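Asker: need a structure here:
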Amino acid sequence: MEAFKTIIWIINIFSSLAIIALVLMQHGRGADAGAGFGGSGSAQGVFGSAGNANFLSRMTALSAIVFFASCLALGYIHTNTNRQGLDFSTVQQTTSEPVNKE
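Answerer: Next up, the predicted model:
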């Protein structure tokens, strides 16, 4: 089970890094807003069309789906494991002398 969890962690990390890289490589929609006012009188030229999705946006969506699926898988695995988290039952406590604040 630990090997499976490690594989999902690796997938999660790579998909999050892919999302970051793909978002930073994309061209913003508002970047050409100033050029759109120069000659075209329609709002379509200013804000771009919402229908076409290029390669970067599709890969970003795919990476986001993989990221969310791996997050859900990690949450499911964590809730269905028998381990109780940190185990402090073997820690021995020591007593110390009280400190006088005079």
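
Asker: contacts and neighbour counts: CA atoms only from here.
Answerer: Fine.

Asker: ok, Val66 - how many residues close by?
Answerer: 18 (other CA atoms under 10 Å).

Asker: what's the closest non-adjacent residue to it?
Answerer: Ser15 (6.5 Å; CA to CA, 6 or more residues apart in numbering).

Asker: Reduced to three states, what does that neighbour come out as?
Answerer: helix (DSSP: H, G, I helix; E, B strand; the rest coil).

Asker: Equivalent analysis for Ser63, please.
Answerer: helix.

Asker: Give me the pLDDT value at the closest residue to it other than its chain neighbours.
Answerer: In space, and not counting its chain neighbours, Ser63 is closest to Ser15: 5.4 Å by CA to CA, 6+ apart. Looking at Ser15, its pLDDT stands at 97.

Asker: Over to Ile19?
Answerer: Reported pLDDT for Ile19: 96.

Asker: With His27 instead?
Answerer: 78.

Asker: what's the distance between it and Ile11?
Answerer: Remark: distance between His27 and Ile11 (CA to CA, to the nearest Å) = 26 Å.

Asker: Mind telling me what element Asn12 is part of?
Answerer: When elements are assigned from DSSP states H and E, Asn12 belongs to helix 2-25.

Asker: what's in contact with that helix?
Answerer: 56-57, 59-60, 63-64, 66-67, 70-71, 73-74, 77 (CA atoms under 8 Å, 6 or more residues apart in numbering).
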